[in-house]
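Asks: Build me a model from this:
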Amino acid sequence: MTSLVGTGVLLRFNLRRDRVMIPVWVAVNALMVLSMPNTLKGLYGTEAERTDLLHQVATNSSFRSLIGPVFGDSLGALTAWRVGVYAGALAAVTGLLVVVRHTRDEEESGRQELIASAAVGRRASLTAALGAAAVANAVLALLITAGLAGQGSAGALAFGLGIAGVGAVFATTAAIVAQFTQSARLARGLTAAVLGAAFVLRAAGDSATDDGSSVLTWLSPLGWLENLRPYAHERWWVLLLFAAAVLIQGAVAYALAGRRDVGMSFMPTRPGPAVGRLGTAAALAWRLQRGSVLGWSIGFFLAGVVYGGLTEGAADLVGDNKNAREIFERMGGHSGLTDAFLASMVGMLGLVAALYVVGSVLRLHGEETSGRAEPVLANAVGRLRWAAGHLVIAFGGALLIMLLAGLGFAVGYGKEAGPILAACLVQVAGVWVVGGLAVLLHGIAPRGATAAWGVAGAVLLIGWVGPALDAPRAVLDLSPFGHLPKLPGGAMQWQPVLVLLGLAAVLVAGGLAGLRRRDLTT
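Replies: Okay, here's the model as predicted:
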C-alpha cells in the first residue's frame, strides 16, 4: 500500500483548493432539484393535470428525447423526470472538472513532480482526486435525499444515489482520459465529449420508446439514472451498474497510472514543428482555444436545431395549464406561448454561454499560473497584447456560438430567421458582463480568479430556478440577463443592452489595468 502513502494529506489539500468550486457546483445542482417539487405542485396540482402530462410526454417523442420518459404521477416521480437528466449531467461535469484539475492539471503545471519528490505514493494523487470528487457526490446525494425525503424516503435515496452515481462514473472516466492526454484542456474536452455522447444515446433511445427500454438508453449512464425509476417502484439493482462502471474504470485508471512517468501520457503531444504561423500572441491564443470554440459552436448549433424543432409542440405540452404558461411568460415574455417558449430557450442558451466565456477568459489564468505566459512575455509582447489575444477569442467566441444557436433555431423551427437571430444576439450583452467579471477577477485578484465560476453558477441558478419559483424581481435583477428584452415577440429595448455592453467594457478595462500593474502569479 506504499503507492497510497500521503493520500489523506493530498485529499485535504484538494478539498481546501476546491472550497469554492465544489460548494458552488453542488449547491446549484441541489437547489435545481429541490426547488422542483413546489414548482411542479403549482403546475400540476390535480390528478387530471398530471394524467394529461403523462399522456403528452408518452406521445411526444421530441420532449422525451430532451427530458426523458416519465414513470409516475407523484411529485417525486415528476421531479425525477423533469430534472434527472440535467442534474446527472451537472454532477458529471463537476466530477470531471475536479478529477482533471487534480491530476492532469497538476502534472501539466509541474506541481505534481514536486509533490512526487516527497514521501507520496505513486497513486496517491489519483486517489485524492477521485476522493475529492467522491466527497462532492456524497454531499450532493445527501442534500437531495434529505431535501426530497418528504416526497418519499425510498425514492429520495434512489434519486440521490443515482445522480451521485452518474457523477462518479464520469469522474473515473476523466481519470482514464487524463492518463492518455498530455493536456488538461484536451482531457476535459474528451471527457465532455463522452458525456455528450451519453446524452445523445439516451435521447435517441428515449425518442424511440416511452419506457426507457431501448438498448441505446441502456448504453448511457444517464439512461441508467432514469431506469432506476425513483418514486416509481425503484429498481435498486440498477445501482449495481454504476458500481460496476466505477470499479472497472477506476481499476483501469490505476493500472494506467502505474505504467507511465509523471508528466507523460500514452498519447503524447506531437513535438512539432507547428503547422502554420504562430508569430503573434493572438495566433498562439487561437491555436490553444480553437478546439474549445469548435466544440461549443457545434453544440450550440445542434441545441438550437433541437429546441427549434420542439417549438411547435410546446403549445400541446403546456395545453391549458395556466401555471406552466405563466412560467414560460416569466422566462420569455407575454407575447404568446410560442414566442415565450422561443425566448425562454434562447435565454437558457445565453446562460450556458456564460460558462463558455468564463472558461475561455480563465485560460489566461491557466497560462499564467502554469508558467507558460512568462516565456511569451519575455519577448517583445506586452501584457495587454497577450491578454487581448485570449479575450478576443472569449468574447468573439461567445458572439459566434450565440449566432450559430440562432441559425440552429431557424433551421429547427423553419420560420423567419431574423427575429430569432436578433434574440440570440441580444443575449451576448449578458454573456459579456459575466466575461467582464471574470477578466476583472483575474486582473485584480488572480488567486481568486476561479470565483468567476461561482458567478456563472449563480447567474445560471437565478435564470433557471428563479422564474419557476416566481422569485422577486430584485433577485432576478441580480443577473445581467434579467435586464435584457424578451425576444422574439417583445419590444426591442436598446437602453439596457447598451448599459450592459458599457458595463462589460468597464469591467474588462478594470481587469486589464490590474493585470498591467501586478506581478505575474506562478
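
Asks: Pull the number of nearby residues for residue 181.
Replies: 22 (other Cβ atoms under 10 Å). Every residue, glycine included, has its C-beta placed from N, CA and C.

Asks: any idea how far residue 104 is from it?
Replies: 7 Å (Cβ to Cβ, to the nearest Å).

Asks: can you check residue 47 too?
Replies: 52 Å.

Asks: neighbour count winner among these two?
Replies: Per other Cβ under 10 Å, whichever of residue 47 and residue 104 has more neighbours is residue 104, with 28 against 9.

Asks: and the more buried one, what does it touch?
Replies: 178, 181-184, 187 (Cβ atoms under 8 Å, 6 or more residues apart in numbering).

Asks: go on, residue 149?
Replies: Contacts of residue 149 (Cβ under 8 Å, 6+ apart): residue 156.

Asks: and it, how far is that from residue 143?
Replies: 11 Å.

Asks: same question, residue 36
Replies: Where residue 143 is concerned, residue 36 sits at a distance of 13 Å (Cβ to Cβ).

Asks: between the two, who's got more neighbours?
Replies: residue 36 (25 against 18).

Asks: Could you report the pLDDT at the closest residue to that one other than its chain neighbours?
Replies: Excluding the flanking residues, the one nearest residue 36 by Cβ to Cβ, 6 or more residues apart in numbering is residue 79, at 4.5 Å. On pLDDT, residue 79 comes in at 88.

Asks: for residue 407, same thing?
Replies: In this model, residue 407 carries a pLDDT of 90.

Asks: Tell me where the stretch 201-350 of the chain has helices.
Replies: 215-218, 221-227, 239-257, 281-318, 322-332, 337-361 (DSSP state H, counting those that start in this stretch).

Asks: most packed of these?
Replies: helix 221-227 (a mean of 27; mean count of other Cβ atoms under 10 Å).

Asks: and that helix, C-alpha only, in CSV?
Replies: The C-alpha coordinates for helix 221-227 follow below in CSV (Å, rounded to 0.1, in the frame of the first residue of the first chain):
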residue,chain,number,x,y,z
PRO,A,221,-25.2,6.2,-17.6
LEU,A,222,-27.9,9.0,-17.9
GLY,A,223,-30.2,6.3,-19.1
TRP,A,224,-29.3,4.2,-16.1
LEU,A,225,-30.4,7.1,-13.9
GLU,A,226,-33.9,7.3,-15.5
ASN,A,227,-34.2,3.5,-15.4
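
Asks: mean confidence for stretch 152-172?
Replies: Stretch 152-172 comes out at a mean pLDDT of 93.

Asks: buried sites along it?
Replies: Residues of stretch 152-172 classed as buried: 152, 155-172 (neighbour count, 16 or more other Cβ atoms under 10 Å).

Asks: and it, how far from the chain's centre?
Replies: 18 Å (Cα atoms, centre = their mean, to the nearest Å).

Asks: Check stretch 24-35 too.
Replies: That offset, for stretch 24-35, works out to 13 Å (Cα atoms, centre = their mean).

Asks: Please export the C-alpha coordinates of it as PDB.
Replies: What follows is stretch 24-35, C-alpha atoms only, in PDB (Å, rounded to 0.1, in the frame of the first residue of the first chain):
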ATOM      1  CA  VAL A  24     -20.900  26.200  -5.800                       C
ATOM      2  CA  TRP A  25     -21.500  23.400  -8.200                       C
ATOM      3  CA  VAL A  26     -23.100  21.200  -5.600                       C
ATOM      4  CA  ALA A  27     -25.300  24.000  -4.400                       C
ATOM      5  CA  VAL A  28     -26.500  24.900  -7.900                       C
ATOM      6  CA  ASN A  29     -27.300  21.200  -8.600                       C
ATOM      7  CA  ALA A  30     -29.100  20.600  -5.300                       C
ATOM      8  CA  LEU A  31     -31.100  23.800  -5.400                       C
ATOM      9  CA  MET A  32     -32.200  23.000  -9.000                       C
ATOM     10  CA  VAL A  33     -33.500  19.600  -7.800                       C
ATOM     11  CA  LEU A  34     -35.000  20.700  -4.500                       C
ATOM     12  CA  SER A  35     -36.900  23.600  -6.000                       C
END
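
Asks: can you tell me the average pLDDT over that stretch?
Replies: So the average pLDDT for stretch 24-35 ends up being 86.

Asks: Repeat that for stretch 455-475.
Replies: 73.

Asks: Relative to residue 14, how far out is the residue nearest to residue 521 when sequence neighbours are not counted?
Replies: Of all residues not flanking residue 521 in the chain, residue 446 sits nearest, at 4.4 Å (Cβ to Cβ, 6+ apart). Separation of residue 446 from residue 14 (Cβ to Cβ): 20 Å.

Asks: can you check residue 429 too?
Replies: 37 Å.

Asks: still on that earlier bit, burial measure for the residue nearest to residue 36, as a count.
Replies: 28.

Asks: thinking again about what came up before, got a list of what the residue nearest to residue 521 touches?
Replies: Here residue 446 is in contact with 365, 368-369, 518, 521 (criterion: Cβ under 8 Å, 6+ apart).

Asks: again, but for residue 299
Replies: 196, 401.

Asks: give me that answer again for 6 Å
Replies: By Cβ atoms under 6 Å, 6 or more residues apart in numbering, residue 299 lies in contact with nothing.

Asks: for residue 463, same thing?
Replies: 351, 479, 481.

Asks: Give me the nearest residue to the last one, chain neighbours excluded.
Replies: So that's residue 481. In space, residue 481 is closest to residue 430, 4.1 Å off (Cβ to Cβ, 6+ apart).

Asks: Centre of the chain to the helix or strand harbouring that neighbour, how far?
Replies: In the assignment (DSSP states H and E), residue 430 maps to helix 417-444. Helix 417-444 sits 17 Å away from the centroid of its parent chain (Cα atoms, centre = their mean).

Asks: And that helix, what's buried?
Replies: 419-421, 423-444.

Asks: what's the helix or strand for the residue nearest to residue 14 when sequence neighbours are not counted?
Replies: Take residue 14 and drop its neighbours on the chain: the residue closest to it by Cβ to Cβ, 6+ apart is residue 132, 4.3 Å away. Take DSSP H and E as the rule and residue 132 turns out to sit in helix 124-148.

Asks: After that helix, which helix or strand is next? Please name it.
Replies: Helix 124-148 is succeeded, C-terminally, by helix 153-180 (DSSP H and E).

Asks: Summarise which helices and strands that next one is packed against.
Replies: helix 75-102, helix 124-148, helix 184-208, helix 221-227, helix 239-257 (3 or more Cβ pairs under 6 Å, 6 or more residues apart in numbering; DSSP states H and E).
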